[in-house]
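Colleague: Here is my input, please return the structure:
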Amino acid sequence: NLYTAGTQASFESLTDIGRDGAETSNQGVLATINGDLFDLPAGPLGVAFVGEYFTQDYQINLDERLVSGDYFWGITGTGGGGERDRSALGVEFNVPVTSWATVTAAGRYDKYDDITNVDDATTYNLGLQIRPNDKILLRGTIATTFRAPDMHYVFADPSGFFTSVTDEYLCQRDEPDVPIDSCTWNSVGISGARQGNPLLQEEEGETITYGIVIEPTEDMYFSLDYWDIDLEGLVVDNPITRILEIEADCRLGRKDPGSGECIDAFSRITRNPADGSLNSETLDSVNTGPVNAAQLKTKGIDSTFEYTLETASAGLWGLQVIYSHVLDTQYKVFPEDDLLYIRGDQTRDWRSRVRGSLNWAYKDFSATLFGERFGSSLSGDNVRGVPGRDIGPQMFYNFTAFYNFLNDQATVGLIVNNLFDNGPPEDDTATGWPYFDLFNYGFASIGREYYVQFRYRFDY
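Modeller: Below is the predicted model of the structure:
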């Protein structure tokens, strides 16, 4: 039967369609007031006030057959729903201290009303701008940050998943002298469960930036800024690898089995009975969920260059280039862990990014060529800890052209995305479709796109 064509009836008996439903809403009121309070010797004191009130909710209703995990083989889903109210008040001052120095100061108070441990938070921003002359500007800021956890981290219903893991306990107990990637249990297929965590707290951080702006002429602009960001309490799913490592340490006596850490790991792991059978004590399932644990430190530079050239016979030309480069990234999942340098060998984030555009306008015509270069990143095996390779940089281009006529009431245009039909860089360590990093390069998976646009404005 394996080599004969299947019938429509047999196909339908083996397949079905999962039907889910989802709704979300976000409603709010935002009020701002800004202006000058009074004059200081160096200029007017500027002030701005902001007040916000927002309420949001969502609901994801999964097909019950999908939730059970028994009907669709190898497929589950995540439902959930909840609501959150948020209010905020903020104020900002722009204080001219002298003719060449300006201080900015801002403060904000946020109040959350939901089932989490997020209550309220106060953040601030202090900045200084120094302009020794009309061509150079020095600037710097220090600010604190606050971010409530995403709602689905909080309100997600219990859900299942399927994955492959390394059984640290059996590998270390039965094959301690065998490299972990050669252990008999280095790739065990298991089921897992995940649920939102209503006890999550807010993520907090601090940012420091300083830089310089140079405008040698009215037609040229250059800026260079350094930034240093430190985030704490980031919400991450408790890594399954860590849960399994803790369990192994607890079962093998390297940690106290009666400690809270060991009890938590034991409660998350289900093993088959120790009955001497082929599956004795093998992994069956692992439960995980979001926790406030991670710390992220990252440093980098941003730079911008702009130049405008106006000609009598060839129109107006403009060039803009924006460059970003990550200098350092350090990360740890739990407070007791050591910070790991992950920029070079454990993250698939781009190390650099360059965006540039060449603009041209002449009489009724205008055109823009936009290019973006994504720097190198890591193949999937690098991220999983197995030697892999760097994925080289990639370029993508977009092009637009417009023509105005009928006294500028009508416009016709051509828009081309991914002008040269460049595909995403393939990851030859990927073992499944689509064989590239969908999160980094999903926008490029479509290929070249053409649009023709016509617009007409009716004047009254």
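Colleague: OK, contacts around Tyr323?
Modeller: Applying Cβ atoms under 8 Å, 6 or more residues apart in numbering, we find Tyr323 in contact with Ile301, Asp302, Ser303, Thr304, Ser352, Arg353, Val354. Placement of C-beta: from N, CA and C, glycine included.
Colleague: Next, count neighbours for the second one.
Modeller: Read that as Asp302. Using other Cβ atoms under 10 Å, the number of residues around Asp302 comes to 16.
Colleague: mind checking which helix or strand it is in?
Modeller: Per DSSP states H and E, Asp302 falls inside strand 290-311.
Colleague: mean confidence score for that strand?
Modeller: In this model, strand 290-311 has a mean pLDDT of 92.
Colleague: Give me the buried positions along it.
Modeller: 290-300, 302-306 (16 or more other Cβ atoms under 10 Å).
Colleague: and if you look at stretch 189-204?
Modeller: Using 16+ other Cβ under 10 Å as the test for burial, stretch 189-204 gives 190-197, 200-204.
Colleague: mind checking the SS state of Gln172?
Modeller: At Gln172 the chain is in helix, as set by DSSP: H, G, I helix; E, B strand; the rest coil.
Colleague: What residues does it make contact with?
Modeller: Ala248, Leu252.
Colleague: Kindly recompute the last result at 10 Å.
Modeller: Residues counted as contacts of Gln172 (Cβ atoms under 10 Å, 6 or more residues apart in numbering) are Val178, Ile180, Cys183, Trp185, Glu245, Ala248, Asp249, Arg251, Leu252, Arg254.
Colleague: The nearest residue to Ala121 once chain neighbours are set aside and Tyr109: what is the separation?
Modeller: Distance criterion Cβ to Cβ, 6 or more residues apart in numbering; nearest residue to Ala121, sequence neighbours excluded, is Phe146 at 4.2 Å. Phe146 sits 10 Å away from Tyr109, going by Cβ to Cβ, to the nearest Å.
Colleague: Those two: who's more crowded?
Modeller: The residue with more neighbours, out of Phe146 and Tyr109, is Phe146; 17 against 14, by other Cβ under 10 Å.
Colleague: what helix or strand is that one on?
Modeller: Secondary structure (DSSP H and E) places Phe146 in strand 136-147.
Colleague: Closest one to Asp16 out of the buried residues of stretch 189-204, please.
Modeller: Here the nearest of the buried residues of stretch 189-204 to Asp16, counting by Cβ to Cβ, is Ser191; it sits at 20.1 Å.
Colleague: what is that closest one paired to in the beta sheet?
Modeller: Beta-bridge partners of Ser191, counted by DSSP bridges, are Phe162, Ser285.
Colleague: Also Gln56?
Modeller: Residues in a beta bridge with Gln56, per DSSP bridges, are Asn26, Arg84.
Colleague: which residues touch it?
Modeller: The neighbours of Gln56, taking Cβ under 10 Å, 6+ apart as the test, are Thr24, Ser25, Asn26, Gln27, Gly28, Gly82, Glu83, Arg84, Asp85, Arg86, Asp114, Met151.
Colleague: The stretch 101-250 of the chain: helices as residue ranges?
Modeller: With DSSP state H, counting those that start in this stretch as the criterion, the stretch 101-250 of the chain has helices at 151-155, 168-174, 240-251.
Colleague: picking that back up, quick one: which of the contacts of Gln172 is nearest to Asp16?
Modeller: When the contacts of Gln172 are compared against Asp16 (criterion: Cβ to Cβ), the nearest one is Trp185, at 33.7 Å.
Colleague: Which pLDDT does the model give that closest one?
Modeller: Looking at Trp185, its pLDDT is 89.
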